[in-house]
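In: no sequence on this one, just coordinates:
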Ligand SMILES: Nc1ccn([C@@H]2O[C@H](COP(=O)(O)O)[C@@H](O)[C@H]2O)c(=O)n1
Ligand SMILES: C[C@@]1(CO)OP(=O)(O)OP(=O)(O)OC[C@H]1O
């Protein structure tokens, strides 16, 4: 068995869509990035690559490559799923947390789980997504950005 962790942060800016876990969330700001900046999917991909000892998403999908400009991070998640299969692992479970003062995530979490379990071809009960504020502390608390953390267990 192998465990992996992932962490990502993106800045909240105007004139961008807010996409988290593959769900478009209505909000007056969105996350800035070369890709769609899906902070949760990025943290999950890094946890999976980390568990396999396969570096990180920046190595597989460089932000200097125009192929990834505004890319849907679910496309990248499906590529990571393929790498997991090639390495002959399967996912035991994933746990994760979105750190955002606003907006409220709870109405969107089931849809995020459905997207991620579909892309990774795992039972939805093996993916958990939580959300927390930071009680107005730090960059997340000031609404300057959103962070996500993930941990996974891989089995072979
Ligand atoms: N962006 C967020 C943050 C939190 N939630 C939900 O609210 C609960 C309470 O959050 P605290 O930070 O005050 O502990 C949390 O457990 C989540 O269920 C959310 O939906 N979206
Ligand atoms: C997936 C990528 C591709 O540019 O997305 P970015 O939006 O640049 O996001 P970041 O988490 O900073 O780095 C990962 C990149 O590889």
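Out: Yes, it's here. Values in this document were obtained by computation on a predicted structure and should not be read as measured data. Numbering: from 1, shown residues only. Ligands and ions are numbered 1, 2, ... in the order given.
In: Could you pull up the residues touching whichever residue of the chain sits closest to ligand 2?
Out: For the chain, the residue closest to ligand 2 is residue 33, as judged by Cβ to the nearest ligand atom, at 2.7 Å. (Glycine included, C-beta is placed from N, CA and C.) The contact partners of residue 33, by Cβ atoms under 8 Å, 6 or more residues apart in numbering, come to 10, 63.
In: That one and residue 58, how far apart?
Out: In this view, residue 33 and residue 58 are 12 Å apart by Cβ to Cβ, to the nearest Å.
In: before we move on, what about residue 20?
Out: Residue 20 sits 19 Å away from residue 58, going by Cβ to Cβ.
In: helix, strand or coil for the residue of the chain closest to ligand 2?
Out: coil (DSSP: H, G, I helix; E, B strand; the rest coil).
In: Tell me how far it lies from residue 146.
Out: 11 Å.
In: Find the residues that touch each one of those two.
Out: Common neighbours of residue 33 and residue 146 (Cβ under 8 Å, 6+ apart) are residue 10.
In: Tell me the residues of this protein that contact ligand 1?
Out: Proximity of the chain to ligand 1, by Cβ under 6 Å from any ligand atom, involves residues 100, 104-106, 131-133.
In: So residue 119 belongs to a helix, correct?
Out: Yes: the assignment for residue 119 is a helix, going by three-state DSSP.
In: Could you give the number of residues near it?
Out: Residue 119 sits with 20 neighbouring residues when counted by other Cβ atoms under 10 Å.
In: I'm done for today, thanks for sticking with me.
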